[in-house]
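> Take a look and give me a structure for this.
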Amino acid sequence: MERRAVVITGTVQGVGFRPFVYRLASELRLAGFVRNLSGSVHIEVEGDPPQLDRFLHEVSHRPPNLARVEEVSWEPRPPKGDHDFRVDESHDDGVRLIRVAPDVATCASCRAELFDPADRRFRYPFLNCTDCGPRLTIVTGSPYDRSRTTLSGFPMCSACRAEYDDPSDRRFHAQPTACAACGPTLAFLGPEGRPQPAVLDPVTAFADLLRRGGIGALKGLGGYHLACDARRDEAVRALRTRKGREEKPFAVMVCDLDQAATLCEIGPLERCLLESPAAPIVLLPRRKRGASPLSALVAPGSRCLGVFLPTTPLHHLLLAEMKGTPLVMTSGNRSDEPIATDERVVQQLAGVADAFLVHNRPIRVRCDDSVTRVVAGVESPIRRSRGYAPEPLRIPITSAVPTLAVGAQLKSTFALGQGDRVLLSHHLGDLDHPSAFEAFERDLRLYESLFSIRPERLVHDLHPDYASTRYARDRARREGLEAVAVQHHHAHLASCMAENGLTGPVIGVTFDGTGFGTDGTIWGGEFLIGDYRSFRRAAHLEEALLPGAEQAIREPWRMALSYLRDIGLDFPPLERRIRDCDTEVVRRMLARNLNCVRTTSVGRLFDGVAALVGVRDRVSYEGQAAVELEALAHGSIDPGRYPAQLAKTDEGLLLRWEPLVIDLVRDLRKGVSGSVVARRFHSTIVEMIRATCVRLRDDVGLEDVVLSGGVFMNELLLSESVDALRRERFKVHRQRRVPCNDGGLCLGQLAIAAAGGGERSCA
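Numbers count the residues shown, from 1 in each chain. Prediction:
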């Protein structure tokens with residue numbers, strides 16, 4: 001007989017790992033115990049050596065579905081003569097890094113119970129088990145046990161306790177377990193937040209409201225959703241008006257995959273993502289044939305539709321009541337504000353929702369829905385949040401200094417890291433809004449407490465006016481910490497490198513809308529040669545003037561006018577759409593260089609072309625012009641493109657946009673369709689990327705190319721760039737686990753600081 005002490009690290013708490021270990025040990029007739037420690041699972045197991053070997057193999061290679069085993073280590077112990085296997089109480093051993101599992105969608109077994117009239121949890125909207133339910137959004141401390149969740153105020157009834165204590169039951173130590181006798185309850189509130197006494201079933205009442213064309217707010221895993229009937233123009237229009245979301249596409253929740261397939265084209269990977277435990281919103285191309293049952297106001301101007309399946313028992317009950325009616329499900333907030341999570345929802349959404357479907361299970365961590373898509377057979381995340389966060393990433397750099405990277409201004413996320421593990425936060429939104437910044441500070445404190453990481457180094461963007469930059473500098477000064485400033489596009493490059501386990505150097509193609517450059521101008525069309533420690537700007541898009549700064553981002557026609565002025569052309573179709581007084585003001589700004597910033601932004605080039613083509617003169621959400629230009633380009637298979645001219649300068653290569661714009665305007669004047677022009681423009685940008693990377697390889701001999709930055713959210717551009725570079729035998733790396741937009745920037749910031757890069761200062 002032998003005894004072995006086994007330590008398992010990874011995401012192994014709150015995922016049914018101890019029940020799995022118990023059943024496995026019992027099956028193999030092994031004795032000992034299993035317990036949770038703060039950052040791991042500790043097992044002592046005793047028995048015949050062959051059975052112990054088999055036990056270790058199963059634990060390492062066939063863990064529960066939601067578990068992520070990172071390391072299994074063991075050492076011998078003297079046998080104790082134990083006769084059975086048990087699950088011991090958890091202990092806080094002070095060892096970090098702690099793992100907390102993401103929230104996951106309702107599993108098949110729980111769904112079956114939910115609709116089984118003979119089951120004691122029939123229609124109970126908060127049922128869950130070790131394979132599903134809330135995790136991150138309810139946890140208050142570590143180790144992960146019921147007493148350290150927001151369910152601590154709901155003592156289990158005898159029936160739930162019996163399941164919880166039975167190692168053979170799938171609810172054995174399922175911390176959020178509950179039933180109608182002991183768990184959280186629903187309530188249906190009117191527009192003023194008062195309970196409706198005549199309501200017998202809150203879900204039925206809420207469904208009736210939606211069927212009548214009303215707008216309702218319901219509490220989900222990480223916050224409230226605003227919901228309405230996705231088929232009714234008047235309901236969707238009212239939701240847009242009240243929420244202050246003029247045109248940005250809404251996501252749609254459908255009852256099952258079959259219904260999703262009636263609306264969109266679904267490939268094998270999209271199908272897996274929709275049905276995965278994370279259950280993200282998946283962007284899917286709409287079906288081209290047949291009339292859609294959805295209102296045209298759900299996603300105007302977009303060739304794709306954001307679709308997701310019910311993520312909680314409450315959602316399943318609601319969709320069943322709606323009898324197959326697809327629902328708009330969007331974040332429960334006003335435009336730019338954080339999503340509502342608690343009883344203040346009535347004040348936050350007053351005048352937006354006609355009624356509220358609420359419950360009394362507290363949400364500790366606010367968490368939006370994740371958004372993803374598939375590009376060229378690979379997942380390409382857009383927003384990493386519910387279902388994914390805070391699953392850690394391993395990076396190819398080790399840092400002994402606990403580090404906090406605070407990300408950017410838009411699509412805010414932060415990263416906490418120590419050693420070679422990085423915890424990325426859930427999506428926090430844009431920090432322009434004061435309440436969003438308050439949520440950023442609050443969630444930062446929560447993560448630091450929850451994961452017991454006290455940063456000794458703070459990393460921020462080079463831009464001095466980002467709220468995240470000011471936070472990092474102020475805190476570093478206040479607490480006497482090291483502060484590190486990282487250039488925006490260097491962080492994009494490093495984010496893609498870190499995710500792909502690269503150590504560099506690489507060619508980094510970093511295209512986005514706005515990033516503060518080392519020369520004080522606005523970058524956004526950059527080819528960098530570098531690694532984590534340093535970079536050089538090897539090539540970039542030719543500069544143009546950004547008239548009115550932020551106003552030019554909201555009004556793409558300004559960029560079109562800027563490009564036209566620089567090449568000495570006019571374009572009457574554009575000028576006829578804009579008031580003379582407005583164009584005259586912008587012309588004077590450009591002529592005198594007043595309130596103008598020089599930019600190399602590819603994002604702004606997309607905006608200007610969208611305005612020239614007639615797609616969009618003004619936008620109501622970030623990236624709208626580019627999204628609609630891409631949708632237009634998908635309507636053509638024209639093989640042509642415009643000149644992709646590279647010029648050699650003392651500072652490196654210059655990608656000249658002038659020949660492109662001249663020929664593009666010439667096409668428009670000749671009456672070439674907007675779809676063909678948009679397609680040729682995309683092909684030209686792809687050719688610029690290919691040709692520049694080939695020239696740089698000839699100069700420096702590098703074959704690894706990383707693609708990052710928000711412009712690569714464009715499916716057409718990303719897929720064709722990957723193809724073009726691979727044909728040139730480059731090793732092409734893209735982002736698959738974190739967004740290539742600013743939502744993944746904090747990962748790159750942290751990796752750069754860990755490697756000793758960035759501009760350092762000490763308080």
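> How about the residue in the chain that sits furthest from its center?
Largest separation from the mean C-alpha position in the chain: Gly81, at 50.2 Å (Cα atoms, centre = their mean).
> Break this structure into its domains for me.
Residue ranges for the domains of the chain, per automatic domain parsing: 2-87, 186-371, 381-503+745-762, 506-735.
> Deepest in the core, which of the ones you listed is it.
Of all these, domain 381-503+745-762 carries the top mean neighbour count, a mean of 22, counting by mean count of other Cβ atoms under 10 Å. Just so you know, the C-beta spots here come from the backbone N, C-alpha and C atoms, and that holds for glycine as well.
> I'd like the mean pLDDT over that one, please.
Mean per-residue pLDDT for domain 381-503+745-762: 93.
> By mean pLDDT, flag the weakest helix or strand of this protein.
strand 759-762 (a mean of 81; mean pLDDT, DSSP states H and E).
> Helix or strand for Leu274, just tell me which one.
helix 268-275 (DSSP states H and E).
> Run through who's touching that helix.
Applying Cβ atoms under 8 Å, 6 or more residues apart in numbering, the external contacts of helix 268-275 come out as 257, 260, 266, 280, 282, 284, 307-309, 372, 374, 377-379.
> Just the mean pLDDT for that helix, thanks.
Mean predicted confidence for helix 268-275 is 97.
> Name the strands paired with the least confident helix or strand of the chain and say parallel or antiparallel.
Here strand 759-762 has these sheet partners by DSSP bridges: strand 482-486 (antiparallel).
> Does the following helix or strand past the partner strand pack against any helices or strands, and if so which?
Going down the chain from strand 482-486, the next helix or strand is helix 488-499, by DSSP H and E. Applying 3 or more Cβ pairs under 8 Å, 6 or more residues apart in numbering; DSSP states H and E, one finds that helix 488-499 makes contact with strand 393-405, strand 506-516, strand 522-530, strand 704-708, helix 745-754.
> again, 6 Å this time
strand 506-516, strand 522-530, strand 704-708, helix 745-754 (3 or more Cβ pairs under 6 Å, 6 or more residues apart in numbering; DSSP states H and E).
> just to revisit the earlier point, so the residue farthest from the centre of the chain, which of the three states?
Under DSSP: H, G, I helix; E, B strand; the rest coil, the three-state class of Gly81 is coil.
> Do you know the pLDDT at it?
Confidence score, pLDDT, at Gly81: 91.
> ok, now how distant is it from Leu458?
53 Å (Cβ to Cβ, to the nearest Å).
> try Ser60
Distance, Ser60 to Leu458, using Cβ to Cβ: 37 Å.
> and if you look at Phe527?
Where Leu458 is concerned, Phe527 sits at a distance of 29 Å (Cβ to Cβ).
> Repeat that for Asn595.
In terms of Cβ to Cβ, Asn595 sits 32 Å off from Leu458.
> Also Val12?
For Val12 relative to Leu458 (Cβ to Cβ), the value is 30 Å.
> pLDDT (mean, whole number) over the helix or strand hosting Val328?
Secondary-structure assignment from DSSP H and E places Val328 in strand 327-331. What strand 327-331 shows for mean pLDDT is 97.
> what sits up against it?
Strand 327-331 has contacts (Cβ atoms under 6 Å, 6 or more residues apart in numbering) with His225, Leu226, Ala227, Cys228, Ala230, Phe250, Ala251, Met253, Ile339, Asp368.
> Tell me which entries of the residues you listed lie within strands.
His225, Leu226, Ala227, Cys228, Ala251, Met253 (DSSP state E).
> For the last one, name its beta-bridge partners.
Residues in a beta bridge with Met253, per DSSP bridges, are Phe308, Leu327.
> returning to that earlier point: let's have the helices and strands packed on helix 488-499 in CSV, adding distance to Val676.
Formatted as CSV, those follow (distance: least, Cβ to Cβ, whole Å):
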stretch, distance to Val676
strand 506-516, 23
strand 522-530, 24
strand 704-708, 26
helix 745-754, 35
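> Show me the one of the ones you listed that comes nearest Pro184.
The closest of the helices and strands packed on helix 488-499 to Pro184 is helix 745-754. By Cβ to Cβ, the value is 33.4 Å.
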